[in-house]
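*Asks:* no sequence on hand, only this structure:
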């Protein structure tokens, strides 16, 4: 008897749960009530909703593009600044001449005989001429080398600016400028 009672109790406990899992009929039959019941569509609200969705999609695409391009753009911006500094350094270079021979010292030479003074004078003149020739050749070589370095640095700067300008022309303050528009540069760095 005790066993029957426990089975009965178990069945009573589970019966409501089993009934809750059963199939429930729909509130409306498939062809009843829903055919003519549609919310009225406001065309302006629908256009506004579509415009908002399109704007959000455009912002999302713009952000994804920015995140994708940011590393290479920031690297190109840094490379442009580096090329600008290199050109500035080359422009600041100045020629340093070789030290000239000691000037003729008349008081020291007055202690020597006339023949010795004349020989010293000739040696002094030859040293001056040799120094001037060396200095002239050295200056011409340095000037040509400096012009080459200036040309290379300027070409590199122009190349870097053109590459960046072809990707993002709005980044620069003007068509021939290499200065960045601060707002756009900040936006690119922090997209």
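*Replies:* Perfect, thanks for sending it. Just so it is clear, the structure is predicted and the values come from calculations on it, not from any experiment.
*Asks:* list the contacts of residue 184.
*Replies:* 168, 170-171 (CB atoms under 8 Å, 6 or more residues apart in numbering). Backbone N, C-alpha and C define where each C-beta goes, glycine included.
*Asks:* er, residue 185 actually
*Replies:* Counted by CB under 8 Å, 6+ apart, residue 185 has contacts 77, 171.
*Asks:* quick check: the gap between it and residue 101.
*Replies:* According to CB to CB, to the nearest Å, residue 185 and residue 101 sit 55 Å apart.
*Asks:* ok, and the closest non-adjacent residue to the residue nearest the centre of the chain?
*Replies:* With distances taken as CA atoms, centre = their mean, the chain has residue 74 as the residue nearest its mean C-alpha position (1.7 Å). Among residues not flanking residue 74 along the chain, residue 189 sits closest, at 6.2 Å (CB to CB, 6 or more residues apart in numbering).
*Asks:* for the top helix by length along the chain, packing partners?
*Replies:* Ordering each helix of the chain by length in residues (DSSP state H) puts helix 114-167 first. Where contact means 3 or more CB pairs under 8 Å, 6 or more residues apart in numbering; DSSP states H and E, helix 114-167 is packed against helix 43-92, helix 106-109.
*Asks:* for it, what is the average pLDDT?
*Replies:* The average pLDDT within helix 114-167 is 93.
*Asks:* how distant is that helix from the center of its chain?
*Replies:* Centroid separation for helix 114-167 versus its chain: 37 Å, with CA atoms, centre = their mean, to the nearest Å.
*Asks:* immediately after that helix, which helix or strand?
*Replies:* The helix or strand immediately downstream of helix 114-167 is helix 182-189, counting by DSSP states H and E.
*Asks:* next, the angle from that next one to helix 43-92.
*Replies:* Angle between the axes of helix 182-189 and helix 43-92 is 100 degrees (criterion: axes from the mean of the first three to the mean of the last three CA atoms, to 10 degrees).
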